[in-house]
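Participant: show me how the following folds:
(chains A and B)
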Amino acid sequence: MSELKIYNSYSRQKEVFTSLTPGHVGMYVCGPTVSGESHLGHARPYITFDVIYRYLMHLGYKVRYVRNITDAGHFEEEGREAEDKISKKAVLEKLEPMELVQKYTNLYHWAMEQFNTLKPTIEPTATGHIVEQVGMIEELINAGYAYVSNGSVYFDVKKYAANHDYGKLSGRVLDDLLEATRELEGQDEKKDAADFALWKNATPEHIMRWKSPWGVGFPGWHIECSAMATKYLGAQFDIHGGGMDLLFPHHESEIAQSTICNHTAPVRYWIHNNMITIDGRKMGKSYNNVIKLTELFSGDHPLLAKAYHPMVIRFFILQTHYRSTLDFSNEALQASEKGLKRLWEAYEKLRAMSYEPREGNLDAELEARSSKLIAEFKEFMNDDFSTAKVLANMFELAPVINSMKDKTIPVSALSKETFELLQQQMKVYVEDILGLKSVNEADNSTLQGVMQLLIDIRREAKSKKDFATSDKIRNQLAQLGISLKDEKDGSMNWSFESL
RNA sequence: GGUCCUUUGGCCGAGUGGCUAGGCUCAGCUCUGCAAAAGCUGCUACGGCGGUUCGAAUCCGCCAGGGACCUCCA
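Facilitator: Sure, this is the predicted structure:
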């Protein structure tokens, strides 16, 4: 029995996973900033960590999965313009800040539902935890690692670095950071360029503001995660996840803050997903190459050849390892679309099949190969969540399943145990762990009934060699976007053509 | 400029020093009233140069390309 190994960004190597409290896992994942719509790039961490969450539960852990909503807004460029993203946009859209935040939070939740991600067990908001953040900042000041300047509070990085290894997570050297000083307004409030804001004094035009011991202002970006993670997961917890671009300064700062307040390293395993790229370049606002999720689902974007179903996106993301970059292209997405369809159809066939024992049919080679492929699901997931390899194995099993359905291979070529294990494990991995679901939204019993009627009529016509009628039914349905397939065993299947 | 990562067949991608990953595309065949699907077969790659090794896509060095972070960023 292999054990779960996770690549820890902090140690830069794979480590055997053990949880702090036996049977329980505490996991924190950086959630969205709800100042705008989520794009394809954002989908990656949520799907990646959804699978990790699902897998940990599959392993029997009780997981507390905390994913925050950043609704308090941060600086576009610290110190340069005293306007945070959210309040700026609110003015543009003539909405109350919280109205805007609510709108994008709803949209985000909707998108997550499309992706079939499980809800976190706690989804705290930054604005709902101002008290905790202020409290933590006070602790930092009392400990001597933060100082007040002009109504703002900064973390003293140099002091922290003197007795802690600041920069270890992101591979940074403090001296380099101090040298890389940039000429920014407001920098003079800080003792050192490397210091980061814990609390910012709010200028009059800044709409989101709270009272604090240092005046009216708003929390710095990094403190929310430290405060909320500590509150819900404790001083030290098992897993912290997020995109690789958050490594610095965000997570590095989190470590520093939490270490001082909690007197221990906050996180045992840091997990970071890589970026989704377009033409080899990271998808991001600053590159102007963003494809929003709503656009992806509707196909309404100049870069998109067509609309893509959320499950196709999910599958696309799972087909590569989470620590590799993943390059977007219509070609790649369409390849995923077809692959997913093939896999899902094989899976559905398997579900509908039942074992028929028959003497002397056992194919020892197939039996051995199949059991190995099934057993490897777990092995691959245990190896730093290698979903791509799990899928590869499933694709190797697909021809076996399809051949059984077509009766090219008897079901009894496998032993009853292996066949049933195949059925059971495919269900567990396809649905429970990888979180895939049907792309056919035909859970409509009326439509099911109508289709069954057409299939019956067509079958009768075929049996009378009335091909004009049978073809008419199939062709007309095709025009409606429904494809009808004759299976080799005499049954007929239908599905929506365009996913 | 600093730090780090990466470079695989037509495309996307996995990869442990020795054994065909997988998907998509393409070609051929089988099945089929036809179609679609499915099955089978074929297409055998590892940026360049050098080194270590019995043996390297996999380790080391140099060169070249690409990228990420250093600033909000999944």
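
Participant: can you name the residue of chain A nearest to RNA strand B?
Facilitator: residue A:243 (1.6 Å; Cβ to the nearest atom of the strand). C-betas here are computed from N, CA, C, even on glycine.

Participant: any idea how far that residue lies from residue A:470?
Facilitator: 53 Å (Cβ to Cβ, to the nearest Å).

Participant: likewise for residue A:212?
Facilitator: 75 Å.

Participant: do the longest helix seen in chain A and RNA strand B meet?
Facilitator: When chain A is parsed with DSSP state H, its longest helix is helix A:330-352. Yes. Residues of helix A:330-352 contacting RNA strand B under Cβ under 7 Å from any atom of the strand: A:331-332, A:334-336, A:338-339, A:342, A:345-346.

Participant: ok, which pair from the residues you listed is furthest apart?
Facilitator: Spanning the widest gap among the residues of helix A:330-352 next to RNA strand B are A:331 and A:346, at 23.0 Å by Cβ to Cβ.

Participant: quick check: residues of the stretch 351-499 of chain A near RNA strand B?
Facilitator: Going by Cβ under 7 Å from any atom of the strand, the residues of the stretch 351-499 of chain A near RNA strand B are A:386, A:388-389, A:391-392, A:395-396, A:398-399, A:402-403, A:406, A:408, A:462, A:467, A:470-471, A:474, A:483-488.

Participant: just the buried ones from these?
Facilitator: Using 16 or more other Cβ atoms under 10 Å as the burial test, these include A:386, A:389, A:391, A:398, A:402, A:462, A:470, A:474, A:484 as buried.

Participant: OK, contacts around the closest residue to the third one other than its chain neighbours?
Facilitator: To tie it back to what came earlier, the one meant is residue A:391. Once flanking residues are discounted, residue A:391 sits nearest to residue A:319: 5.8 Å by Cβ to Cβ, 6 or more residues apart in numbering. Residue A:319 makes contact with A:336, A:339, A:387-388, A:391, according to Cβ atoms under 8 Å, 6 or more residues apart in numbering.

Participant: I'd say residue A:477 and residue A:454 touch.
Facilitator: Yes. Counting by Cβ atoms under 8 Å, residue A:477 touches residue A:454, with 7.1 Å between them.

Participant: okay, and the common contacts of those two?
Facilitator: With Cβ under 8 Å, 6+ apart as the test, residue A:477 and residue A:454 both reach residue A:484.

Participant: all the strands of the stretch 351-499 of chain A, residue numbers only.
Facilitator: Here the stretch 351-499 of chain A has its strands, by DSSP state E, counting those that start in this stretch, at A:482-486, A:492-496.

Participant: tell me which of those strands sits nearest to residue A:368.
Facilitator: strand A:492-496 (30.8 Å).

Participant: partners of the residue lying closest to residue A:190 once chain neighbours are set aside in the sheet?
Facilitator: Leaving aside its chain neighbours, residue A:190 sits nearest to residue A:154 (5.3 Å; criterion: Cβ to Cβ, 6+ apart). For residue A:154, the beta-bridge partners are residue A:147, residue A:197 (DSSP bridges).

Participant: how many neighbours does residue A:202 have?
Facilitator: Residue A:202 is flanked by 21 other residues according to other Cβ atoms under 10 Å.

Participant: sorry, wrong one. I was asking about residue A:346.
Facilitator: That count, for residue A:346 with other Cβ under 10 Å as the rule, works out to 22.
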